[in-house]
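Colleague: requesting a structural model of the entry that follows:
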Amino acid sequence: MKHLIKLSIFLFITFIAISCNKNKAKIDQLVTEKIEYVVNIKSSDNDLEWWIQNIEGPQRDKFINLIFNAVEEKKIKIFNLNQQEASLENIVSNLFTFDTIHLQKNGKKKDIVDTVFISNTFNVKNIAKIRFDEKWSFNEKTLLVKKDVHGFCPVLVNNNTNSSAFTDIPLFWIYPDTTKSLDTSNSFLITKKIQYDVFIKSIDKGKNWWVDNIETTDREKFLKTIIDVASKGKLKVFDFFMKPLDKKKFSEMLHKTDTVVMQRLAEPYADYDTVLRTDFDQTSILKMRFVEEWTLNVQSFKFYKKVLAICPMVEGLDDKGNLRGYTPLFWVFFDESIKTAE
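Modeller: From the prediction side, this is the model:
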């Protein structure tokens, strides 16, 4: 009898565990297995808040130095853009010019020696962007986006001295060492807050499908879920000015009505009012804006992103169909304290 009771309890616990896993599987949905995009970490606009496309100077320097010290000391492996393991010397020699000059030593012998100087182009202080290779999933109820960073690539921004043009130079890829501990006590806080935009629908058909893009079917499902959940009023949603959007206001935002004056085509050509209804088109969402916290495991070099807020961005067109820019549609905060945090 006791064995039957124990077996019954075991089966009940197993059933509950399987049910919970199934429910979790239904809630957490894959957005895309792979997406690559670049994030500015050094802003050139002093009018923006410090966290917008920027990491504070001292913290950014610590982050970059941490990477290059580990590379130089061979604590981590790096890979070139063809995914082949490489050395820093090899990557630098392929990307930057060298000058060899003759120098004479001081002292009795005064030997002549050759010294190699790398072009001034290669300066770690010019690393102003990071390229990411990630997997995205999200919670269908809370809309919380989860990012699994597969790898990251420092990008040097070179200002051509002969023009005002800037050139992005991706240096090397870093992938986490899965043989090392992922203990959070070894984490380095890169920044507690950074805001940036990501294209989820590429405007450049010449790129690989995963660059600045989510495959069409997955993107449409992702956006439809966001709009549907936000419109039900069960989540706190905020407008551009951080004012709450209730269910009614959200509906008015998606379904706009305008009264316009028209003129009848027959005599006496009297004016009359007509109501025009414009329904929101989710295909106009080309970008997602994120606010995140970034940390790095200093042993494995696993990069972690904690998503604090999301905001769909809508393209704005003028009367001639020309792009004017991108407008925030609404905010969903997973940590409301960041709305006012400095």
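
Colleague: what is the burial count for the nearest residue to W173 once chain neighbours are set aside?
Modeller: Sequence neighbours aside, F79 is the residue nearest to W173 in space, at 4.4 Å (criterion: CB to CB, 6 or more residues apart in numbering). In short, each C-beta sits where N, CA and C put it, glycine included. Per other CB atoms under 10 Å, the neighbour tally for F79 reads 16.

Colleague: check N126 too.
Modeller: By the criterion of other CB under 10 Å, N126 has 17 neighbours.

Colleague: could I get the pLDDT score of the closest residue to it other than its chain neighbours?
Modeller: Of all residues not flanking N126 in the chain, L156 sits nearest, at 5.1 Å (CB to CB, 6+ apart). On pLDDT, L156 comes in at 93.

Colleague: quick one on the thing from earlier: so the residue nearest to W173 bridges to which residues?
Modeller: E85, W173 (DSSP bridges).

Colleague: was I right to think it contacts P170?
Modeller: No: checked against CB atoms under 8 Å, the pair F79 and P170 is beyond contact range at 11.2 Å.

Colleague: phi, psi of E72?
Modeller: phi -70, psi -30 (degrees, to the nearest 10).

Colleague: isn't it right next to S87, touching?
Modeller: No: with contact defined as CB under 8 Å, E72 does not reach S87; the gap is 9.9 Å.

Colleague: of these two, who's got more company?
Modeller: Shown here are E72 and S87; by other CB under 10 Å, S87 has more neighbours (15 against 11).

Colleague: grab the nearest non-local neighbour of that one.
Modeller: Spatial nearest neighbour of S87, excluding adjacent residues (CB to CB, 6+ apart): I78 at 7.7 Å.

Colleague: cool, V149 as well?
Modeller: F303 (4.1 Å).

Colleague: can you list phi and psi of the one you found for me?
Modeller: Per-residue torsions, F303: phi -100, psi 130 (degrees, to the nearest 10).

Colleague: what's the neighbour count on it?
Modeller: Residues near F303, counting by other CB under 10 Å, number 23.

Colleague: pLDDT on stretch 169-188, on average?
Modeller: For stretch 169-188, the mean per-residue pLDDT is 87.

Colleague: and that stretch, how far out from the chain's middle?
Modeller: How far stretch 169-188 lies from its chain's middle: 18 Å, per CA atoms, centre = their mean, to the nearest Å.

Colleague: how deep is the residue nearest to T191 when sequence neighbours are not counted tucked in, by neighbour count?
Modeller: The shortest distance from T191 to any non-neighbouring residue, by CB to CB, 6+ apart, is to I55 (4.7 Å). Number of residues near I55 (other CB under 10 Å) recorded here: 24.

Colleague: sec struct for I55, please.
Modeller: coil (DSSP: H, G, I helix; E, B strand; the rest coil).

Colleague: from D133, how far out is the residue nearest to W173?
Modeller: 11 Å (CB to CB, to the nearest Å).
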